[in-house]
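Visitor: Using only what follows, build the 3D model:
(chains A and B)
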Amino acid sequence: MKKYLHYLLLIVLAVIILAPFLYALVVSFESAEETLAFPPVLLPAHLATDSYSKALATAPLLSFIVNSFVVSLLVTAGQIITCSLAAYAFAFLKFPCKKILFILFLSTMMIPAESIIIPNYFTVRSLDWLNSYQGLSIPFMASAFGTFLLRQYFQTLPKEIYEAARMDGCGRLRFFLTMVLPLSKPALATLAVYAFLTTYNQYMWPLLITSSDNMRTVQIGLAMLQWDQGISWNTTMAGIVIVSLPTILLLILGQKQLVKGLTAGSTKG
Amino acid sequence: MIAQTKNAFGDSKQALLFLLPSLLLFAVFTFYPLFASIKLSLYNTDLMGQASTFAGFQHYVDMFSSPQFFQSLLVTLLFTLYTVIPGILLALFLACTVNRQLKGIAIFRTIFAFPLSIAVAGASMIFMMMFNPSSGICNYFLQLFHLQAVFWLSDPKWALISIAIINIWRSVGFNTIVLLSGLQTIPEQIYESARIDGAVSWRQFIDITLPLLSPTLFFVFIVSVINSLQTFGEINILTQGGPVDATNVIVYSIYREAFFNTNFSYASAESIILFFMILLLTLLEFRFLEKRVFYK
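Guide: Numbering: from 1, shown residues only, chains lettered A, B, ... in the order given. As a prediction, the model looks like this:
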């Protein structure tokens, strides 16, 4: 009996948490008239799907999604390369000033993006990178968090493999590429899911540096579907459902990795 | 001995190569702009943002004597207050309910993490619809309970609270995941012995769960404060800092001063204040991390 009560509680909470999105989903299937009705319609008379075609026709959502994907993949790939290289040095190599350099890396986490956004905007403008993939991605290709995450993981790899590789005369880079990286797939997957999601959801930076429709990312492009005279709520909500699908899928499929990434700071350190 | 020094030297060359990509990126896009921000805040700037004449601390003096800055500071602190504590309490409750070995619990864990997957633009527009004063579902519910309609986003008394509600919803997924992982590190045996001693469940929660969860709670607290200090998207999409500056948090003020009023110096001075606020909080966070990493 107690168990069933707990399930009931869980279901009620789940509905509350999902409510905003479920409501958006319902509205996306309503007709334009239904979206204006009061009291609000919670069950549309029939499933109208023209809002989806209208959303796709009003804003080039698919090209926004492509832009966001390209940028997110570039950042993800960039972070995997830069973070794993740096983490390797911090985990396996001996060199002077190691501690200071590591603190230097960590110190970047104390600098909020908003505090440096003005000079970064000028830098990107002077490089002629406004409205470009490189402007959207390159500034985010290094990550102290990612380096930290991978270093922690590399340190758990058995030291013996390193000794063995040395005996074989296996070069550092080859050891890194053929031993360390393949053994670190779980940590790399965590970083990848985390980096992808954060970049896909970025807002302020793409807002500042993209002005042309063909370079906009989804978060900025969505504003074209903002509710006004010509656009009714069902179209706006259809747009939101479309652009949220990739991240919803990522959450469901990559949940294990994501949870590891999000909790890396809190439990493993 | 000689071989060793040679080795150390060889390592350092290699290490530099491995670190170079990150160091270059940090130099260009993190450290340089921090110093550039400090410089901009000490100079007068032209319309293109070029530093022209040295101004000393004039922009800081201006800032600290402007009521608008204190309004921003107040709004930022209020916003932190509205979001952090309620957000953590909600997440703690959710995390406790899914911290059980039940069939299908994984589904509920995913659902509670769900808001993570809705980005700020989408979330803001969904709430814009729900907050609509005449046809929105929030006022409909208020009406069902015979309460007066609220002008969620256009009433200065409510705008900041409305933005806070959206922010709490957006961050509840992250907070729940982290708190759940903290709860899972508490060994079941501790509860069992408490049960033998006849402790009732809310006493168990106060005496066992909260103290053992306190490091995780502290982590979530700091991260939540930092996140709420950096809130921008909801405000830009829904209120643009209004009505009458009721939602003009520091980050929004930086954006408006710099990119609308081309007042880059003033915005940079605000940036530096924000930097020090976050710096302080991150240092606190690191102190905690250090304890967890090194004294565990």
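Visitor: pLDDT wise, what is residue 27 at?
Guide: No chain specified, so I'll use chain A. A:V27 is assigned a pLDDT of 94 by the prediction.
Visitor: The intended chain is chain B.
Guide: Here the pLDDT value assigned to B:A27 is 97.
Visitor: so how far is A:L104 from it?
Guide: Distance, B:A27 to A:L104, by CB to CB, to the nearest Å: 10 Å. All C-beta atoms are positioned from the backbone trio N, CA, C, and that covers glycine.
Visitor: what do you get for B:S271?
Guide: Going from B:S271 to A:L104 by CB to CB gives 21 Å.
Visitor: for B:L279, same thing?
Guide: Taking CB to CB as the criterion, B:L279 is separated from A:L104 by 14 Å.
Visitor: Repeat that for B:N263.
Guide: The value you get for B:N263 to A:L104, if CB to CB is used, is 32 Å.
Visitor: residue closest to the middle of the chain?
Guide: Using chain A. Here the mean C-alpha position of chain A is nearest to the C-alpha of A:L197 (CA atoms, centre = their mean), at a distance of 1.4 Å.
Visitor: was after chain B, sorry
Guide: Geometric middle of chain B (CA atoms, centre = their mean) lands on B:N227, at 0.7 Å.
Visitor: Wait, it touches B:V172, no?
Guide: No - contact criterion CB atoms under 8 Å: B:N227 and B:V172 do not qualify, at 11.8 Å.
Visitor: By mean pLDDT, point me to the weakest helix or strand of the chain.
Guide: You didn't say which chain, so I picked chain A. Taking mean pLDDT, DSSP states H and E as the measure, the helices and strands of chain A show their lowest mean at helix A:159-167, namely a mean of 74.
Visitor: before we move on, what about chain B?
Guide: Across the helices and strands of chain B, mean confidence by mean pLDDT, DSSP H and E is lowest for helix B:2-26: a mean of 76.
Visitor: which ones are touching A:N120?
Guide: Contact analysis of A:N120 by CB atoms under 8 Å, 6 or more residues apart in numbering or on different chains lists A:P139, B:F29, B:P33.
Visitor: what do you get if the cut-off is 10 Å, keeping everything else the same?
Guide: Contact analysis of A:N120 by CB atoms under 10 Å, 6 or more residues apart in numbering or on different chains lists A:113, A:135, A:139, A:205, A:208-209, B:28-30, B:32-33, B:36-37.
Visitor: Find the residues that touch each one of B:N227 and B:V172.
Guide: Overlap between the neighbourhoods of B:N227 and B:V172 consists of B:G87, taking contacts as CB under 10 Å, 6+ apart.
Visitor: what's in contact with the first helix or strand past the least confident helix or strand of chain A going along the chain?
Guide: As assigned by DSSP states H and E, the chain's next helix or strand after helix A:159-167 is helix A:172-175. By CB under 10 Å, 6+ apart, the residues outside helix A:172-175 that reach it are A:85, A:88-89, A:92-93, A:161-162, A:164-166, A:168, A:180-181, B:10-11, B:14-15, B:17-18.
Visitor: Buried ones only from these, please, as a PyMOL command.
Guide: This is how PyMOL selects the buried members of the contacts of helix A:172-175, with burial counted by 16 or more other CB atoms under 10 Å in any protein chain shown:
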select buried, (chain A and resi 85+88+89+92+93+162+165+180+181) or (chain B and resi 11+14+15+18)
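Visitor: how much space between the closest residue to B:A51 other than its chain neighbours and B:T53?
Guide: On the basis of CB to CB, 6 or more residues apart in numbering or on different chains, the spatially nearest residue to B:A51 that is not a chain neighbour turns out to be B:Y43, at 3.7 Å. B:Y43 sits 7 Å away from B:T53 when distances are taken as CB to CB.
Visitor: Compare those two (neighbour count), which wins?
Guide: B:Y43 (19 against 8; other CB atoms under 10 Å in any protein chain shown).
Visitor: residues contacting that one?
Guide: Neighbour list for B:Y43: B:Q50, B:A51, B:S52, B:T53, B:F54, B:A55, B:G56, B:Q58, B:H59, B:F264, B:S265, B:S268 [criterion: CB under 10 Å, 6+ apart].
Visitor: Check those residues for burial and list the buried ones.
Guide: Among the contacts of B:Y43, the ones that count as buried by 16+ other CB under 10 Å are B:A51, B:A55, B:Q58, B:H59, B:F264, B:S265, B:S268.
Visitor: State the pair within the contacts of A:N120 that is farthest apart.
Guide: A:G135 and B:S37 (18.9 Å; CB to CB).
Visitor: quick one: the helices in the stretch 51-200 of chain A?
Guide: Counting by DSSP state H, counting those that start in this stretch, the segments of the stretch 51-200 of chain A that form helices are A:61-92, A:98-107, A:117-126, A:133-137, A:144-154, A:159-167, A:172-175, A:181-183, A:185-200.
Visitor: hey, which of these is tucked in deepest?
Guide: The highest mean neighbour count among the helices of the stretch 51-200 of chain A belongs to helix A:144-154 (a mean of 23), with neighbours defined as mean count of other CB atoms under 10 Å in any protein chain shown.
Visitor: Tell me which other helices or strands that one touches.
Guide: helix A:61-92, helix A:98-107, helix A:181-183, helix A:185-200, helix A:255-263, helix B:2-26 (3 or more CB pairs under 10 Å, 6 or more residues apart in numbering or on different chains; DSSP states H and E).
Visitor: now those helices in TSV, with distance to B:L238?
Guide: As requested, the helices and strands packed on helix A:144-154 are exported to TSV (distance: least, CB to CB, whole Å):
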stretch	distance to B:L238
helix A:61-92	20
helix A:98-107	34
helix A:181-183	44
helix A:185-200	21
helix A:255-263	26
helix B:2-26	33
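Visitor: how about these, which one is nearest B:F205?
Guide: The minimum distance between B:F205 and the helices and strands packed on helix A:144-154 falls on helix A:255-263, with 21.3 Å, by CB to CB.
Visitor: Output the contacting helices and strands for the closest one.
Guide: Contact here means 3+ CB pairs under 10 Å, 6+ apart; on that basis helix A:255-263 packs against helix A:144-154, helix A:185-200, helix A:233-253, helix B:105-113, helix B:156-184, helix B:210-229.
Visitor: Serialize the ones you listed to TSV and add fields for mean pLDDT and distance to B:A119.
Guide: Shown next, in TSV, are the helices and strands packed on helix A:255-263 (pLDDT from 0 to 100; distance: least, CB to CB, whole Å):
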stretch	mean pLDDT	distance to B:A119
helix A:144-154	90	19
helix A:185-200	90	7
helix A:233-253	93	7
helix B:105-113	93	14
helix B:156-184	94	9
helix B:210-229	89	14
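Visitor: Mind putting the ones you listed into CSV with distance to A:G78?
Guide: Below are those laid out as CSV (distance: least, CB to CB, whole Å):
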stretch, distance to A:G78
helix A:144-154, 10
helix A:185-200, 9
helix A:233-253, 18
helix B:105-113, 26
helix B:156-184, 24
helix B:210-229, 24
